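Peer 1: Build me a model from this:
(3 chains)
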Amino acid sequence: MPELPEVEVTRRGILPHAQGKTVAKVKIHHPKLRLPIPNKIITRLQNQKISRIVRVGKYLLFHTAAGTLIFHLGMTGYLSLLSKTKSREKHDHFDLVFQDNTVLRYHDSRKFGLIRWTDTDPLRHHLLKAIGPDPLTNQFTGKYLYGKSRNRKIAVKPFIMDAKIVAGIGNIYACEALFAAGIHPATPAGKLSEKKCAGLVQAIKKVLRKAIETGTAVMVFQPDREWSGYFLQNRAVYQRAGAPCKNCGVLIEKIRMGQRSAFFCGKCQRQNV
DNA sequence: ACTGGCTCCTGAGGGC
DNA sequence: TGCCCTCAGGAGCCAG
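Peer 2: Next comes the predicted model:
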């Protein structure tokens, strides 16, 4: 599952190969995603230059003079750079063919991804307008999180996974950040002190930055090499149920919260806030 | 205003 | 070896 760090490493990887290039052709192979890929992008993107590629949460925005292509990789989506037309495989949905014949290809087996187009400001697009700040920006502070969490009874884990609060924190990094901050995932969000909120925000930024650094160092994104890296190598709790906590040795627990699994150390992560 | 549950989809993995 | 069942999960949407 591409989480925010994977999306950011994808952005950095494709940047030198896609930004500044002009789209010669758009090919929609399988339009069916979470929403169908709109046909209008074929004409809208043709002959447009990709001026900037920006990330907001887990969304990637490809800006052109005519409008913006909005990408979300969903659960299983990834982008590949191909030096020339390579034979298509199952679940290849979409190609951006640049004037120099390089191809940016979108692959997504579970079809949870999303490709949208907007002629106007993408931040006013209905998918993005209600979204909270990106966690790596200066708008995401302890004070902000403290203010948003007042009177909220929801558990802190689903709270920080709510895109309206903060954009793009998925299950893996929610678990990892809560471990790093020493907060039990079931703690009601409204019970967190201002200090705990500050610590949680710092933990979120830290685990995300570390994953981005690791991924950037590990992944060499170049034509004909497919992007497929998920940075699970240094996880402290995620999918480690039954294994000893790296901090205290107590066995990591797994509980079901809503529709998601939460992993945590019952000794290092407390509800006394 | 909040909260929890449903839904889309397919590959992986476990059990037998 | 192979079949079948269950599960995982981002996030928008909807009902209570």
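Peer 1: What parts of the stretch 101-250 of chain A come near DNA strand B?
Peer 2: A:109-112, A:151-155, A:158-159 (Cβ under 7 Å from any atom of the strand). From N, CA and C alone the C-beta is placed, and that goes for glycine too.
Peer 1: Out of those, who's the most crowded?
Peer 2: Highest neighbour count within these: residue A:159, with 23 neighbours (other Cβ atoms under 10 Å).
Peer 1: so which strand or helix has that residue?
Peer 2: Using DSSP states H and E, residue A:159 sits within helix A:156-160.
Peer 1: Repeat that for residue A:94.
Peer 2: Using DSSP H and E, residue A:94 falls in strand A:92-98.
Peer 1: Just after that strand, pick out the following helix or strand.
Peer 2: That would be, after strand A:92-98 and using DSSP H and E, strand A:103-108.
Peer 1: Distance from that next one to the middle of the chain?
Peer 2: 17 Å (Cα atoms, centre = their mean, to the nearest Å).
Peer 1: what do you get for stretch A:48-68?
Peer 2: So, by Cα atoms, centre = their mean, the centroid of stretch A:48-68 is 16 Å from its chain's centroid.
Peer 1: could you dump it to PDB, C-alpha only?
Peer 2: Presented in PDB, the C-alpha positions along stretch A:48-68 are these (Å, rounded to 0.1, in the frame of the first residue of the first chain):
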ATOM      1  CA  GLN A  48       0.400  20.200 -22.500                       C
ATOM      2  CA  LYS A  49       3.700  20.600 -20.600                       C
ATOM      3  CA  ILE A  50       3.900  19.200 -17.100                       C
ATOM      4  CA  SER A  51       5.000  22.300 -15.200                       C
ATOM      5  CA  ARG A  52       5.100  21.000 -11.700                       C
ATOM      6  CA  ILE A  53       4.400  17.800  -9.800                       C
ATOM      7  CA  VAL A  54       3.200  18.400  -6.300                       C
ATOM      8  CA  ARG A  55       2.100  16.100  -3.500                       C
ATOM      9  CA  VAL A  56      -0.700  16.900  -1.000                       C
ATOM     10  CA  GLY A  57      -1.100  14.100   1.500                       C
ATOM     11  CA  LYS A  58      -1.200  11.000  -0.700                       C
ATOM     12  CA  TYR A  59      -2.400  12.900  -3.800                       C
ATOM     13  CA  LEU A  60      -0.100  13.700  -6.600                       C
ATOM     14  CA  LEU A  61      -0.900  16.800  -8.700                       C
ATOM     15  CA  PHE A  62       0.400  17.100 -12.200                       C
ATOM     16  CA  HIS A  63       0.100  20.800 -13.100                       C
ATOM     17  CA  THR A  64      -0.200  22.000 -16.700                       C
ATOM     18  CA  ALA A  65      -1.300  25.400 -18.200                       C
ATOM     19  CA  ALA A  66      -4.700  23.800 -19.100                       C
ATOM     20  CA  GLY A  67      -5.400  22.300 -15.700                       C
ATOM     21  CA  THR A  68      -4.300  19.600 -13.300                       C
END
